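# Predicted model follows, preceded by the sequence.
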Amino acid sequence: MKNYLVLFFLSILACGRALPCTCMGPAQAKTMRDVAEWYIHQSGIALIFEGKVIKQELKTGSAGAPSNAMSMTGSGRYRVVSFDDVRVLSGAKPENVSVVTGLGTGDCGYVFQTGDRYLVFATKGRDGLWFTSICSGTNTVEDSGAAIRLLTGEKPSADDLLSPQEYEKHYIETVLPKKTGGICGRVLKPDGTPLKGANVELWEVRTDDLPSRTADDPNTSSQDGHFCIERADPGTYLLTAESEFVGQARYMAFYPGVYSQPEAAQIEIKPGVRLPDITFFTFFEPLYTIRIRVVNSDGTQLSWKNGCGVSVDSVYRDPLSYHISHTLEDDGSYTFGYIPGGNYVVSTFFEPDLSGDSPRPFPESTKWKAAQKQVIVKGDTDVVIQLESNSRSN
């Protein structure tokens, strides 16, 4: 367990929550300065710079995989992040600094915030861009002191000489409470009885297309319906509750006990502040399945073996709508369960081939165009998506 502590903790610092992406890390590091040195000297790191994020764009496709990723889950989209006010600490300064990274939903992407400053560890990417991830060591400038001091030749601080375990304890107990806020309360069933085991979550309200930051109670609601969300980043949020599945249904609601996002009350989280306790009721909602089959004109079998996958995205951007993806089964289909009724966009994507020494596209990914289909779910639903040939590859 200790061998993975550094890796796990740095993922928390980088993203604010654990993600289904597993990276190789500096398992033998004895101090935080050792951790910084390990990331600085990673194979393939050709540019380390400090800069301010000025723009982020979402693209369809895959950003690729970090060379030190042991597992990841593709999302079918990625970010192109542009920086200004750049100070290069290692490597030659490029004319324009843009970095490719995953979406941050299991694909090892780093979740940047526009307007904030970061220390970025980058490898050479495609189309003249650079690539980074949560596996690379990229972090906010505020939390990158050990690496910056090492790169600029400064003497280590007392914190730099702490062990990773000591620094984790210090960060969680001393730093996070000042940087984050929280909210607690109770969540109830429609009849007023406590809702036990519900996932109660804060979901950031955004005006762009980037994924929202979230925070939740890792223990779910207790026997009496009590929950407590701590260590939420400052910002404007919606608060939601969703139970474990009850057959083919769930309990769900937006605070203050309403069914839809337009009715929900926004909650402002401020650093160092825990808001007063609240109480809200939930609704009982039926759920369905969507079975998706991908076909093409020449009969080529598409599946996880050649990186083909499908995603199901609600047209609504709210915390209780579904946005999920998965690679296809051997028969070219995949079935998603427990989907609320509503309007969805079903899309195809191709993940990179990770079986070799470095990630590379599957041949099928250049042969076929990605496809989309709008679907209305009112019950269990079957969807067939036809891929068209990409003439540029012929």
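Arrived safely, thanks for sending.
# remind me which residues of the chain are low pLDDT?
Where the chain drops to pLDDT under 70, the residues are 1-20, 62-75, 126, 391-394.
# Mark out where each domain of it begins and ends.
2-172, 181-281, 288-393 (automatic domain parsing).
# a markdown table for those, including mean neighbour count?
Any C-beta I mention is one placed from the backbone N, CA and C, and that applies to glycine too. Output for these, formatted as a markdown table (neighbours: other C-beta atoms under 10 Å):
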| stretch | mean neighbour count |
| --- | --- |
| domain 2-172 | 18 |
| domain 181-281 | 17 |
| domain 288-393 | 16 |
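# separation between residue 287 and residue 38?
45 Å (C-beta to C-beta, to the nearest Å).
# repeat for residue 275
Note on residue 275: its distance to residue 38, by C-beta to C-beta, is 39 Å.
# next one: residue 185
For residue 185 relative to residue 38 (C-beta to C-beta), the value is 42 Å.
# With residue 89 instead?
According to C-beta to C-beta, residue 89 and residue 38 sit 16 Å apart.
# do the same with residue 22
Distance from residue 22 to residue 38, by C-beta to C-beta: 17 Å.
# Surely residue 114 touches residue 53?
Yes: in this structure residue 114 lies within contact range of residue 53 using C-beta atoms under 8 Å: 5.0 Å.
# List the neighbouring strands of the helix or strand harbouring residue 80 plus their orientation.
Using DSSP states H and E, the element containing residue 80 is strand 77-90. Applying DSSP bridges, strand 77-90 is found paired with strand 47-60 (antiparallel), strand 98-102 (antiparallel).
# hey, C-alpha coordinates of the last one in PDB?
So the one you mean is strand 98-102. The C-alpha trace of strand 98-102 is given here as PDB (Å, rounded to 0.1, in the frame of the first residue of the first chain):
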ATOM      1  CA  SER A  98      -1.000  24.800 -26.000                       C
ATOM      2  CA  VAL A  99      -1.400  21.500 -24.200                       C
ATOM      3  CA  VAL A 100      -3.600  18.500 -25.000                       C
ATOM      4  CA  THR A 101      -5.000  16.500 -22.100                       C
ATOM      5  CA  GLY A 102      -8.000  14.200 -21.500                       C
END
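# for that strand, the distance to its chain's centre please.
Here the centre of strand 98-102 is set off from its chain's centre by 14 Å, with C-alpha atoms, centre = their mean, to the nearest Å.
# after that strand comes which helix or strand?
Note on strand 98-102: by DSSP H and E, the next helix or strand toward the C-terminus is strand 117-124.
# Does anything pack onto that following strand? Which helices or strands?
Counting contacts by 3 or more C-beta pairs under 8 Å, 6 or more residues apart in numbering; DSSP states H and E, strand 117-124 is packed against strand 47-60, strand 77-90, strand 130-131, strand 139-140.
# tilt between that strand and strand 98-102?
For strand 117-124 against strand 98-102, the angle between stretch directions is 80 degrees (axes from the mean of the first three to the mean of the last three C-alpha atoms, to 10 degrees).
# what does strand 117-124 rub up against?
By C-beta atoms under 8 Å, 6 or more residues apart in numbering, the residues outside strand 117-124 that reach it are 39-40, 42, 44-53, 67, 83, 85, 89, 99, 112, 130-132, 136-142, 144, 147-148.
# leaving aside the residues next to it on the chain, what's closest to residue 215?
residue 232 (3.6 Å; C-beta to C-beta, 6 or more residues apart in numbering).
# shouldn't the one you found be in contact with residue 267?
No: the pair residue 232 / residue 267 is not scored as a contact, 9.4 Å apart, by C-beta under 8 Å.
# so what sits against both of these two?
Shared contacts of residue 232 and residue 267 (C-beta under 8 Å, 6+ apart): 183, 202.
# Please report how far residue 373 lies from residue 21.
Distance, residue 373 to residue 21, using C-beta to C-beta: 28 Å.
# Please enumerate the helices of the stretch 251-394 of the chain.
363-367 (DSSP state H, counting those that start in this stretch).
# Residue 182: helix or strand, and which one exactly?
Assigned by DSSP H and E, residue 182 falls in strand 181-188.
# could you dump that strand to CSV, C-alpha only?
Extracted in CSV, the C-alpha atoms of strand 181-188 (Å, rounded to 0.1, in the frame of the first residue of the first chain):
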residue,chain,number,x,y,z
GLY,A,181,-15.7,24.8,2.1
GLY,A,182,-18.6,22.4,2.8
ILE,A,183,-22.2,21.8,3.5
CYS,A,184,-24.1,19.2,5.7
GLY,A,185,-27.7,18.2,6.3
ARG,A,186,-30.3,15.4,5.8
VAL,A,187,-32.0,13.8,2.7
LEU,A,188,-35.4,12.2,2.9
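# from the chain's centre, how far out does it sit?
Going by C-alpha atoms, centre = their mean, the spacing between the C-alpha centre of strand 181-188 and its chain's C-alpha centre is 23 Å.
# In terms of secondary structure, what does it contact?
strand 226-232, strand 267-269, strand 278-281.
# contacting residues around that strand?
When contacts are defined by C-beta under 8 Å, 6+ apart, strand 181-188 is touched by residues 194-195, 198, 200, 202, 215, 221, 224-232, 234, 239, 241, 253, 267, 269-275, 277-282.
# Enumerate the beta-bridge partners assigned to residue 57.
Beta-bridge partners of residue 57, as defined by DSSP bridges: residue 80.
# Report the separation between it and residue 82.
For residue 57, the distance to residue 82 equals 8 Å [C-beta to C-beta].
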